[in-house]
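J.: This is a predicted model, with the sequence first.
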Amino acid sequence: MERTKIFELLNSDDSMEQVLIKGWVRTRRDSKGFSFIEINDGSSLKNIQVVADEKLPNYADVKQLSTGSAIAVGGSLVASQGGGQRWEIQADDVQIIHLAPEDYQLQKKRHTDEFLRTIAHLRPRTNKYGAAFRIRSELAYGIHTFFRERGFRYLHSPILTGSDCEGAGELFRVTTLDLSKPPLKEGKADYAQDFFGTEANLTVSGQLSAEMFALALGDVYTFGPTFRAENSNTRRHAAEFWMVEPEMAFCDLDGNMDLGEELIRELTTYAIDNCADDLELFARWVDKTLMATLENIAQSDYIRLPYREAVDILGQSGKKFEYPVGFGNDLQTEHERFLTEEHFKKPVIVYDYPKSIKPFYMRVNDDGETVGAMDVLVPRIGEIIGGSQREERLEVLEARMEEMKMDKAPMWWYLDARRYGSVPHSGFGLGFERFLMMITGIRNIRDVIPFPRTPQNIEF
RNA sequence: UCCCCAGUAGCUCAGUAGGCAGAGCAGGUGGCUGUUAACCACCGGGUCCGCGGUUCGAGUCCGUGCUGGGGAGCCA
């Protein structure tokens, strides 16, 4: 007999004669003549209640069932005689698959997130983390749905890369050299003898690859892991995270902002529509204002604010900021928070940043001072999207690279794209974990990644 | 990397003025009961983060290290 997922049973319209469920005991309560066992199999936030009668041949063993134990229950789905649940399983047969000993760490009570991080291998068995990772799964699917409906192609950009040209932070070196005695050349490690014959790293962005494919397939997106070796110790940073990076040919900055706004709005709607049960947990226990926040994000038009105007608003705000505001200074966290949380109270897209604070590939505007960059800022999280229109003019791009003292030689292929059929194109990166934080109200990025990697921590 | 806070039972925490190590939950045993954060009674459980110092005496004060958290920088 095949097992039925608990999610299906709880949503059943009718009682059922013969069902088999398998799952883990969340809690058990004894009564005179029978025992109530709450089982969860991960298919849903909700448990199903099993009624195990003392007439079961192994009832003595059933009474020993502890939290965390794995069991299989055969029986019938019947309307519950007690309050609190519609259906329950009247057990004909309870098989103990594995008995969890008394030192099982997850108790029938709330644990702190900090403690659960120390048992990251067990935390998905809790209500909160089960919900978080079901939502993560649903939204990953939602992202593919969003792009597919719009004719985008899914690109698998490389994880290993030889280019260090994006300047998007510190890189993780990849090598097969023996670090205790690497081959030396002029006192330095000789990467010519390394696996790839040159220095290699983990990717910090799929953007450059995506640009090449946008100029072939039109509209593409990548969705995969990204690595930054920054020594960042904050609740918003991880060394390994997932990023969504669309790239569109024949698209300017306005079109780019349109897509970014639409993506956030649609994905938020997708979460509200498809993750109602799991979201309710977060609205109840994590952030009371969550649903109102999500409705606001899903329904409002976002503010579009040129960087110069953002600087003016901050300058005239009368607020004392720790960091000075002025053209040429990047917006600091305190500035972003003021704009999204206090001034506009909704997502804000800041665009046309000074070129001095942005990377080489962003398209120089006609004023010669700014580039077609855009950041989407949301309350509480801060920057959730960073993107730009890319510089498609070969001479301008080369001039910028020279200005920034970059070596053009290894970038020959990137420049080639500007030699043959170059067109305006744009794209951005969405931090998937930051998006999940926004959707769930979870405050620490380590709690929306199955096994988070941060400085000094790669356990599990 | 910088600034701030914390570390006491399996978990969450209290510990007063420097003077015998505590509670709730969890676990064990028994009882009661269509229960549902079940309830009642009893029981077991400690490297007070490590090292050093002050003191007759340190969980408590001082120094230092480690770990965790928050904020900032960097960024998604």
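T.: On my side now, so go ahead. Numbers count the residues shown, from 1 in each chain, chains lettered A, B, ... in the order given.
J.: all contacts plus neighbour counts: C-alpha atoms, from now on.
T.: Noted.
J.: which stretches of the stretch 351-460 of chain A form helices?
T.: Taking DSSP state H, counting those that start in this stretch as the test, the helices found in the stretch 351-460 of chain A are A:394-403, A:412-416, A:432-440.
J.: most packed of those?
T.: Of the helices of the stretch 351-460 of chain A, the one with the most neighbours on average (mean count of other C-alpha atoms under 10 Å) is helix A:432-440, at a mean of 23.
J.: Just list what it packs against, helices and strands only.
T.: On a contact count with 3 or more C-alpha pairs under 8 Å, 6 or more residues apart in numbering; DSSP states H and E, helix A:432-440 meets strand A:240-249, helix A:276-285, helix A:290-299.
J.: residue in the stretch 51-200 of chain A nearest to RNA strand B?
T.: With C-alpha to the nearest atom of the strand as the measure, residue A:83 is the residue of the stretch 51-200 of chain A nearest to RNA strand B, at 3.3 Å.
J.: A helix includes that residue, no?
T.: No - per DSSP: H, G, I helix; E, B strand; the rest coil, residue A:83 lies outside any helix segment and is coil.
J.: What's the first helix or strand after the helix or strand of chain A with the lowest mean pLDDT?
T.: Every helix and strand in chain A was compared by mean pLDDT, DSSP states H and E; the lowest is strand A:188-189, with a mean of 86. Per DSSP states H and E, the first helix or strand lying C-terminal to strand A:188-189 is strand A:200-202.
J.: can you tell me the average pLDDT over that next one?
T.: Average pLDDT, strand A:200-202: 92.
J.: circling back to that earlier point, of all the helices of the stretch 351-460 of chain A, which one is nearest RNA strand B?
T.: So among the helices of the stretch 351-460 of chain A, helix A:432-440 is nearest, using C-alpha to the nearest atom of the strand, at 6.2 Å.
J.: quick revisit: since we're on the residue of the stretch 51-200 of chain A closest to RNA strand B, how many residues are nearby?
T.: 7 (other C-alpha atoms under 10 Å).
J.: State the distance from it to residue A:49.
T.: The gap separating residue A:83 from residue A:49 is 11 Å, by C-alpha to C-alpha, to the nearest Å.
J.: Of all the residues in stretch A:129-147, which ones are buried?
T.: A:129-136, A:138-140, A:142-144, A:146-147 (16 or more other C-alpha atoms under 10 Å).
J.: Please narrow those to those residing in helices.
T.: A:129-136, A:138-140, A:142-144, A:146-147 (DSSP state H).
J.: one step back: figure out which of the helices of the stretch 351-460 of chain A is closest to residue A:377.
T.: helix A:432-440 (11.1 Å; C-alpha to C-alpha).
J.: Show me what that closest one is in contact with.
T.: Here helix A:432-440 makes contact (C-alpha atoms under 8 Å, 6 or more residues apart in numbering) with A:132, A:136, A:236, A:241-244, A:268, A:271, A:279, A:282-283, A:290, A:294, A:380-381, A:384, A:442-445, A:448-449.
J.: Any part of that helix near RNA strand B?
T.: Yes - using C-alpha under 7 Å from any atom of the strand, we find that helix A:432-440 touches RNA strand B at A:433-434.
J.: For that helix, output the C-alpha coordinates as CSV.
T.: Taking Å, rounded to 0.1, in the frame of the first residue of the first chain, the C-alpha atoms of helix A:432-440 are listed here in CSV:
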residue,chain,number,x,y,z
PHE,A,432,17.1,35.3,-3.3
GLU,A,433,17.7,35.0,0.4
ARG,A,434,17.0,38.7,1.0
PHE,A,435,13.8,38.2,-0.9
LEU,A,436,12.9,35.3,1.4
MET,A,437,13.6,37.5,4.4
MET,A,438,11.2,40.1,3.1
ILE,A,439,8.5,37.5,2.4
THR,A,440,8.8,35.7,5.7
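J.: and the angle for that helix with helix A:290-299?
T.: Going by axes from the mean of the first three to the mean of the last three C-alpha atoms, to 10 degrees, helix A:432-440 is angled at 120 degrees with respect to helix A:290-299.
J.: Ends of stretch A:389-398, what's the gap?
T.: End-to-end distance for stretch A:389-398, by C-alpha to C-alpha: 16 Å.
J.: How far away from the center of its chain is that stretch?
T.: Mean C-alpha position of stretch A:389-398 versus that of the full chain (C-alpha atoms, centre = their mean, to the nearest Å) differs by 31 Å.
J.: what does stretch A:258-265 give?
T.: That offset, for stretch A:258-265, works out to 16 Å (C-alpha atoms, centre = their mean).
J.: pLDDT of it, averaged?
T.: 96.
J.: buried residues in it?
T.: Those would be A:259-265, for stretch A:258-265 by 16+ other C-alpha under 10 Å.
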